[in-house]
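> Give me the fold of what follows.
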Amino acid sequence: MKLARGFCWIGLSVVFAVTLQGAGAFRAAAQSEFMRGDRMPYDAFDRLASIDIDVSGGVIQVGFAPGEISLPREKVLDWIRASAKAVSVYYGRFPVDSLKLLLVPVDGARVRGGTTWAYRGPAIRVLLGRQSLEDDLRRDWVMVHEMVHLALPYMDERNAWLSEGLAVYVEPIARVQAGDLSAREVWQAMMRDMPKGLPQAGDQGLDNTGSWGRKYWGGAMFCLLADVEIRKRTGNRLGLQDAVRGVIAAGGNHARDWTLQRVLSTADRAVGADVLTRLHDEMGARPVTPDLAGLWRDLGLRAQNGSVEFDETAPLAAIRAAITKARAD
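As a prediction, this is how the structure comes out:
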């Protein structure tokens, strides 16, 4: 059985903070039913009315678990459409033909977390705060993060760093390409958070890590290094975006079981360069500490007064701009 993937480590405690008194007890009981085990959200769709959303290359079947949400349902569906559009812009199409998406109302505001499954077909469960505002959904990254997972075949758990790292890296770039985020915000966040992925004492490479920072941000660092190197090798014509599109074109997505080697070699063939395989050979079993300061400088990134400034004369400035630029297709 395929394990849950793509969990966003935020706000899970909200599930256990529901007051079990009166109407609250009924609400908590209904909610907990939709929080149990890997059979959810699959079983939920046997009992819930659902709404179909057509997306580029597929359809999303949306189900709402019992519970009130302050926002009109159409606003929630607009948020799902916008998230699916960002993912479709990056990948050239929605990664899977069909997706079950279960929304579970929980106390509070904002999106509180998400999980992606595959063992009975692609499925996502997202915890949505009942008091969420439109701005909470407009600023949300969780839905796009979970949808990014759909493009990558399911691999051994020790290789989860690639799935999580790709989701961390692609999510903001996809939102920039869709016009929902600025490139400056993305690079500022990368400069701030990427050091969380650097190896610490005793590290034995990405394939052997149990560290949250290495799994998420170490994986994202791998993706950034791969993106830059692919663009160097192809004269900035192709990047990681084309490599992952090649995986989808070859029939790979989250409903498939592939080895890491098959994923990387398929992606390499799509761009005509063995960048990902070689990079994994370097970083998979050994701690590698890239010169992030030098990379930011070469990309033309300079921290300035709590923001980031772009240096368009830097040697890799054109690569930096191409990474977040929307594709003509």
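
> hang on, residue 187 packs against residue 320?
Yes: in terms of Cβ atoms under 8 Å, residue 187 counts as a neighbour of residue 320; the distance is 7.3 Å. C-betas here are computed from N, CA, C, even on glycine.

> got any residues that touch both of these two?
Common contact partners of residue 187 and residue 320 (Cβ atoms under 8 Å, 6 or more residues apart in numbering): 299, 301.

> Tell me which helix or strand comes right after the one helix or strand in the chain whose mean pLDDT sits lowest.
In the chain, no helix or strand scores lower on mean pLDDT, DSSP states H and E than helix 23-33, which sits at a mean of 48. Moving toward the C-terminus from helix 23-33, the next helix or strand (DSSP states H and E) is strand 50-55.

> What is that next one packed up against?
If you count contacts as 3 or more Cβ pairs under 8 Å, 6 or more residues apart in numbering; DSSP states H and E, strand 50-55 packs onto strand 58-64, helix 73-91.

> Identify the residues contacting that strand?
59, 60, 61, 62, 63, 77, 80, 81, 84, 85, 88, 94.

> Report the beta-bridge partners for the fifth one.
Residue 63 has these beta-bridge partners by DSSP bridges: residue 50, residue 102.

> and it, what does it touch?
The contact partners of residue 63, by Cβ under 8 Å, 6+ apart, come to 41, 44, 45, 48, 49, 50, 51, 100, 101, 102, 103.

> How much space separates residue 67 from residue 154?
30 Å (Cβ to Cβ, to the nearest Å).

> got it, and residue 169?
19 Å.

> and if you look at residue 255?
8 Å.

> anything in contact with each of the two?
Between them, residue 255 and residue 154 have residue 118 as joint contacts when contacts are counted by Cβ under 8 Å, 6+ apart.

> And the pLDDT for residue 310?
On pLDDT, residue 310 comes in at 97.

> How many residues are close by it?
A count of neighbours around residue 310, defined by other Cβ atoms under 10 Å, yields 17.

> now it, which residues is it bridged with?
residue 301.

> Isn't it up against residue 300?
Yes: here residue 310 lies in contact with residue 300, judged by Cβ under 8 Å, at a distance of 5.5 Å.

> hey, what's in contact with both of those two?
Common neighbours of residue 310 and residue 300, counting by Cβ under 8 Å, 6+ apart, are 317, 320.

> Show the contacting residues for the closest residue to residue 176 other than its chain neighbours.
Leaving aside its sequence neighbours, residue 176 sits nearest to residue 324 (Cβ to Cβ, 6 or more residues apart in numbering; 4.5 Å). Contacts for residue 324 (Cβ under 8 Å, 6+ apart) come out as 173, 176, 177, 183, 186.

> contacting residues around the first one?
With Cβ under 8 Å, 6+ apart as the criterion, the residues that contact residue 173 are 90, 186, 241, 323, 324.

> ok, now which ones touch the first one?
I take that to be residue 90. 148, 170, 173, 174, 177, 178, 241.

> Give me the distance between it and residue 296.
Distance, residue 90 to residue 296, by Cβ to Cβ: 23 Å.

> Repeat that for the third one.
In this structure, residue 241 and residue 296 are 21 Å apart, going by Cβ to Cβ.

> One more: residue 75?
38 Å.

> Looking at these two, which is more packed in?
Between residue 75 and residue 296, counted using other Cβ under 10 Å, residue 296 has the larger neighbour count: 21 against 15.

> what ranges do the strands span in the protein?
Assigned by DSSP state E, the chain shows strands spanning 50-55, 58-64, 98-106, 111-117, 123-129, 301-304, 307-310.
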